[in-house]
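Trainee: Could you look at this predicted model? Sequence included:
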Amino acid sequence: MKLKQMMIGMATAMICHVVPSAACTGITLKTASGTPVLARTIEWGGSDLNSRYVIVPRGYQQQSYVPGGEKAGMTFTAKYGFVGFAVEQDEFVAEGLNEAGLSAGLFYFPGYGKYEDYNKETATVSIADLQLVSYLLGSCSTIEEVKDALDEVRVVAIDPRASTVHWRFSDKSGQQVVLEIVDGQVKFYDNKLGVLTNSPGFEWQMTNLNNYVNLYPGTAEAKDFGDVKIASFGAGSGFLGIPGDVTPPSRFVRAAFYQTTAPKMSTTEQTVLQCFQILNNFDIPVGVEFAEGKIPADIPSATQWTSATDLTIGKIYYRTMYNSAIRCIDLNAINFDKVKYQVVMLDKVKQQPVTHVKIR
């Protein structure tokens, strides 16, 4: 048990501790007919997260961890089958989709969130923050059910030294919300924009967008500057001044403008590809977030994987830092009554494949 507790502590500290390399960027695009596609990145420059996908059948039972690394929290059984992407441990699902069309994902939220303190007397209704996605995907089909479920549980941290997270949920109706727990209080925010990054809080990020009201797509017109005419050096000068650094506020602004100006595609598959193209702009190369000579890990990118979710059709797409090919899991092809619980590493070979072109 002591070894297990140590492993849990290491895992939570590894993926959530407040360091510059913890980052996530989420966007939402819609097709011409209004079908939403949710996409996001997950970053961690400190080590390989050993990400894997899990297939959870209906009726699968899990128990929550509590501080100290013991499985002594609430027990929950999946009413709905789901597919999720887990980091470091099979139970820690960071992004997923269930068969009812509910999408859920967690995003790092350092320095701003604060959960309830753990109390052994309420262990049977206590759920670890890193297992909340699994619990809700297995239990809920709509945003309203998510809200009701949060009234019945207490979200706690496995390791009090670790960062908090906040969450994004969406269902087939197209509604999307952000969940933040601050000073132990559960708060939901309607996310009509469909963008989410990290700290500060969602309300602050939306307010900060007003600082960039001058930005617009296209190219600025030439102007007379006294007796001199000045003109743009090239296309796209309407976005001159958009923040280009990798901090959460800057990524939020950039994601909002790239998303809003993207043309609406006619099919969901085209929209999925568009999501991946936009999120290329948020890939974080190893090195930019650490002082010179202090890079802790030999990995290709701090952006470890990127996903896109089609809630309406029931497909979840992904690519990784080791393989830029886009792969798809079709939930419609899974019989969640008969399928066994499965865990599969996202990358069996951790090396970017290179195809050599044969010249004849």
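Mentor: Arrived safely.
Trainee: What strand or helix carries the closest residue to Pro243 other than its chain neighbours?
Mentor: Excluding the flanking residues, the one nearest Pro243 by CB to CB, 6 or more residues apart in numbering is Ser250, at 3.5 Å. No exception for glycine: its C-beta is placed from N, CA and C like everyone else's. In this assignment (DSSP states H and E), Ser250 forms part of helix 248-261.
Trainee: same check, this time on Ala149
Mentor: Under the criterion DSSP H and E, the helix or strand holding Ala149 is helix 143-152.
Trainee: for that helix, packing partners?
Mentor: Applying 3 or more CB pairs under 8 Å, 6 or more residues apart in numbering; DSSP states H and E, one finds that helix 143-152 makes contact with helix 132-139, strand 165-170, strand 176-182, strand 185-190.
Trainee: For the helix holding Ser250, buried residues please.
Mentor: For helix 248-261, burial by neighbour count (16 or more other CB atoms under 10 Å) applies to 248-249, 251-259.
Trainee: Is it correct that Val93 is in contact with Tyr135?
Mentor: No. Contact criterion CB atoms under 8 Å: Val93 and Tyr135 do not qualify, at 9.4 Å.
Trainee: the more surrounded of those two?
Mentor: Taking other CB atoms under 10 Å, Val93 and Tyr135 do not tie; Val93 has more neighbours (29 against 22).
Trainee: Just list the residues touching the more buried one, thanks.
Mentor: By CB atoms under 8 Å, 6 or more residues apart in numbering, Val93 lies in contact with 54, 84-86, 131, 133-134, 137.
Trainee: Which of those ranks first by neighbour count?
Mentor: In terms of neighbour count, Leu137 stands highest of the contacts of Val93 at 30 neighbours, by other CB under 10 Å.
Trainee: per-residue pLDDT, the most far-flung residue of the chain relative to its centre?
Mentor: Distance to the chain centre peaks in the chain at Asp227, reaching 51.5 Å (criterion: CA atoms, centre = their mean). What the model reports as pLDDT for Asp227 is 90.
Trainee: distance of it from Ala220?
Mentor: As defined by CB to CB, to the nearest Å, Asp227 lies at a distance of 20 Å from Ala220.
Trainee: which residues of the chain fall in helices?
Mentor: Per DSSP state H, the chain carries helices over the ranges 2-16, 132-139, 143-152, 202-208, 248-261, 268-279.
Trainee: by how many degrees do the second one and helix 143-152 diverge?
Mentor: In terms of direction (axes from the mean of the first three to the mean of the last three CA atoms, to 10 degrees), helix 132-139 departs from helix 143-152 by 120 degrees.
Trainee: The chain should start at 34 in everything you say after this.
Mentor: That works, and once the first residue is 34, the last one we named lands at helix 165-172.
Trainee: Check which helices and strands helix 165-172 is in contact with.
Mentor: In terms of contacts (3+ CB pairs under 8 Å, 6+ apart), helix 165-172 is packed against strand 85-89, strand 94-96, strand 108-110, strand 115-119, strand 126-131, strand 136-141, helix 176-185, strand 198-203.
Trainee: ok now the longest one, how far from the chain's centre?
Mentor: I take that to be helix 176-185. Centroid separation for helix 176-185 versus its chain: 20 Å, with CA atoms, centre = their mean, to the nearest Å.
Trainee: report the angle between the axes of it and strand 198-203?
Mentor: 150 degrees.
Trainee: what are the C-alpha coordinates of stretch 83-102, in CSV please?
Mentor: Presented in CSV, the C-alpha positions along stretch 83-102 are these (Å, rounded to 0.1, in the frame of the first residue of the first chain):
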residue,chain,number,x,y,z
ASN,A,83,2.4,7.6,-21.0
SER,A,84,-1.1,8.4,-22.4
ARG,A,85,-3.5,5.7,-23.2
TYR,A,86,-7.1,5.3,-24.3
VAL,A,87,-9.5,3.4,-22.1
ILE,A,88,-12.8,1.7,-23.2
VAL,A,89,-15.2,1.5,-20.3
PRO,A,90,-18.2,-0.8,-20.7
ARG,A,91,-21.6,-0.3,-19.1
GLY,A,92,-21.7,-1.7,-15.6
TYR,A,93,-18.0,-1.2,-15.0
GLN,A,94,-17.3,-0.3,-11.3
GLN,A,95,-14.6,2.0,-10.0
GLN,A,96,-13.7,3.5,-6.7
SER,A,97,-12.2,6.9,-6.1
TYR,A,98,-8.8,7.6,-4.6
VAL,A,99,-8.6,9.9,-1.6
PRO,A,100,-5.6,11.8,-0.1
GLY,A,101,-2.8,9.4,0.7
GLY,A,102,-3.4,7.3,-2.4
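Trainee: which parts of it are buried?
Mentor: 84-91, 93, 95-100, 102.
Trainee: now, among the residues you listed, which is nearest to Asp192?
Mentor: Checking those against Asp192 with CB to CB, the nearest one is Pro100 at 7.0 Å.
Trainee: Could you double-check that the closest one lies in contact with Tyr151?
Mentor: Yes. With contacts counted by CB under 8 Å, Pro100 reaches Tyr151, the gap being 5.1 Å.
Trainee: who touches both of those two?
Mentor: 189-190.
Trainee: Next, give phi and psi for the residue nearest to Leu306 when sequence neighbours are not counted.
Mentor: Once flanking residues are discounted, Leu306 sits nearest to Ile359: 7.5 Å by CB to CB, 6+ apart. Dihedral pair for Ile359: phi -80, psi 120, per degrees, to the nearest 10.
Trainee: so Ile359 makes contact with Arg352?
Mentor: Yes. Applying CB under 8 Å as the test, Ile359 and Arg352 come out as touching, 5.1 Å apart.
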